[in-house]
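> would you be able to build a 3D model of this:
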Amino acid sequence: MRETLSIDDITYRERSLVYPNPSSEFISVLNSDKAEKIEIYSLFGDLIKSVFISENQKVNIKDLNAGMYILKSDN
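A predicted model of the protein is given here:
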């Protein structure tokens, strides 16, 4: 008899809103009322940029080359 893989405890996390997308100058991250660390990675997994932001603060991305990136937050 095969058993299925499952998760018993699911923790709800609020979703973040990142806008505008696409962008070439700045992005805004809207999700919480406290400071958080935002990391931007290349699709190869290289850390490109790391910033601390507070609510409604814009992140300057003018220095990034055109392309796709992965955004990670600590919240």
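> so what's the residue count around Ser28?
Neighbour count for Ser28, taken as other CB atoms under 10 Å: 15. C-beta: built from backbone N, CA, C; applies to glycine.
> ditto for Phe26
Neighbours of Phe26 using other CB under 10 Å come to 13.
> assess the claim that it and Val59 are in contact.
Yes: under the criterion of CB atoms under 8 Å, Phe26 makes contact with Val59 at 6.1 Å.
> in stretch 18-35, which residues are buried?
Buried residues in stretch 18-35, counting neighbours by 16 or more other CB atoms under 10 Å, are found at 18, 27, 29.
> how near is the nearest residue to the second one once chain neighbours are set aside to Thr4?
Spelled out, it's Ile27. Spatial nearest neighbour of Ile27, chain neighbours left out: Val59 (5.1 Å); criterion: CB to CB, 6 or more residues apart in numbering. The gap separating Val59 from Thr4 is 41 Å, by CB to CB, to the nearest Å.
> same thing with Asn60?
Counting by CB to CB, the gap from Asn60 to Thr4 is 46 Å.
> so those two - more neighbours on which side?
Asn60 (11 against 4).
> tell me what the more buried one is bridged to.
Phe26 (DSSP bridges).
> can you give me the strands in the chain?
With DSSP state E, the ranges of strands along the chain come out as 17-19, 26-30, 36-41, 47-53, 58-60, 70-73.
> would a markdown table of the ones you listed with mean pLDDT be doable?
Formatted as a markdown table, these follow (pLDDT from 0 to 100):
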| stretch | mean pLDDT |
| --- | --- |
| strand 17-19 | 86 |
| strand 26-30 | 88 |
| strand 36-41 | 92 |
| strand 47-53 | 94 |
| strand 58-60 | 92 |
| strand 70-73 | 90 |
